[in-house]
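J.: how would this look folded up:
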Amino acid sequence: MTNKATFLFFFPSARDASIVAQSLSPEIQHRIPKSNVTFFIDKKTLKVTIKSEDVSSLRAACNSYLRWIQTALSVKQLV
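T.: Model (predicted):
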């Protein structure tokens, strides 16, 4: 059984969505164990889908990616 979580983030501009997605791209290359993460950008929307075989791995991956997105948004506000 595969567990899945999908998050949609709405940004004021397509550029903002792209900046956050680009800041997360190194994390996608270094995979979180037992999890598969995909990103999709559609104009001003960033869609993050996380799949995992077990709930604890899904929770850990969700926590990590949500924290990284929060950090990217905080840095963006400062710059």
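J.: contacting residues around the helix or strand encompassing residue 15?
T.: According to DSSP states H and E, residue 15 maps onto helix 14-29. With contact meaning C-beta atoms under 8 Å, 6 or more residues apart in numbering, helix 14-29 is reached by 9, 11, 37, 39, 41, 43-46, 64-65, 68-69, 72-73, 75-76. Where you see a C-beta, it was placed from the backbone N, CA and C, and this is true even at glycine.
J.: Narrow those residues to those that are buried.
T.: When neighbours are counted using 16 or more other C-beta atoms under 10 Å, the contacts of helix 14-29 contain these buried positions: 9, 11, 37, 39, 41, 46, 65, 69, 72.
J.: Output these as CSV; include the columns pLDDT, distance to residue 56 and secondary structure.
T.: Formatted as CSV, the buried ones among the contacts of helix 14-29 follow (pLDDT from 0 to 100; distance: C-beta to C-beta, whole Å; DSSP: H, G, I helix; E, B strand; the rest coil):
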residue, pLDDT, distance to residue 56, secondary structure
9, 95, 24, strand
11, 93, 30, coil
37, 90, 16, strand
39, 90, 23, strand
41, 93, 29, strand
46, 95, 25, strand
65, 91, 15, helix
69, 91, 21, helix
72, 88, 25, helix
